[in-house]
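Visitor: Fold the following for me, if possible:
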Amino acid sequence: MHVLELMKSHVIKTNPEATLQDAVDMLDLYQISGLPVVDSQGDLIGVITEYDIIQALLPEYHIVKKESGSEWVGLHDRVERIKNKTVGEAMSKPAISIDDAADVLEAASVMLEKRIKRLPVTNKGKLVGIISRIDICQAVLEGQI
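Guide: Next comes the predicted model:
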């Protein structure tokens, strides 16, 4: 079975100019953990995940934490500075993706190897869909693969 046959073609995505606050709002609204990032031509250029965002907002513990009761000194100021950082500045790039003509088992292998939950699907560099681990699990359990 090809990825094209199993992928979802309606993809919640963002652009590199969106802010981290915008990305968090979308992740929360759609209850997803990551968003493909596309340029104005629809080319996949990266992925922004919860991990990327928390890494931007809260750097390594030993760098930021200065004991002052139970609060981090300067954390609020840091968050105010960073929440308007662009997705393009914080996204993972290049995006790990798979071609729509690839075999679904190849997609599963990529997800397992890279420990990712969903994989953007492309055709000639353009984002055309997304496939998730649960899509593959359902297909396997239903005997489609």
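
Visitor: Give me the distance from the helix or strand hosting residue 52 to the chain's centre.
Guide: Taking DSSP states H and E as the definition, residue 52 sits inside helix 50-57. Remark: helix 50-57 is offset 11 Å from the chain centroid, using Cα atoms, centre = their mean, to the nearest Å.

Visitor: In contact with residue 23, which residues?
Guide: Contact partners of residue 23, counting by Cβ atoms under 8 Å, 6 or more residues apart in numbering, are 14, 35, 48, 53, 87. (C-beta placed from N, C-alpha, C; glycine too.)

Visitor: For it, pull up the helix or strand it's in.
Guide: Element membership for residue 23 (DSSP H and E) is helix 20-30.

Visitor: Which PyMOL command selects the buried ones in the contacts of residue 23?
Guide: Remark: buried members of those, expressed as a PyMOL selection using 16 or more other Cβ atoms under 10 Å:
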select buried, resi 14+35+48+53+87
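
Visitor: circling back to that earlier point, and the helix holding residue 52, what's buried?
Guide: 52, 53, 56, 57.

Visitor: Out of those residues, which is nearest to residue 106?
Guide: residue 52 (24.8 Å; Cβ to Cβ).

Visitor: Next one, pLDDT for the closest one please.
Guide: At residue 52, the model reports a pLDDT of 94.

Visitor: For the most centrally placed residue in the chain, what are phi and psi?
Guide: For the chain, the residue sitting closest to the mean C-alpha position, by Cα atoms, centre = their mean, is residue 34 at 2.9 Å. Main-chain torsions, residue 34, degrees, to the nearest 10: phi -160, psi 160.

Visitor: For it, list the residues it contacts.
Guide: Neighbours of residue 34 in contact, by Cβ under 8 Å, 6+ apart: 27, 47, 48, 49, 50, 116, 117, 118.

Visitor: hmm, 7 Å instead?
Guide: 47, 48, 49, 50, 117, 118 (Cβ atoms under 7 Å, 6 or more residues apart in numbering).
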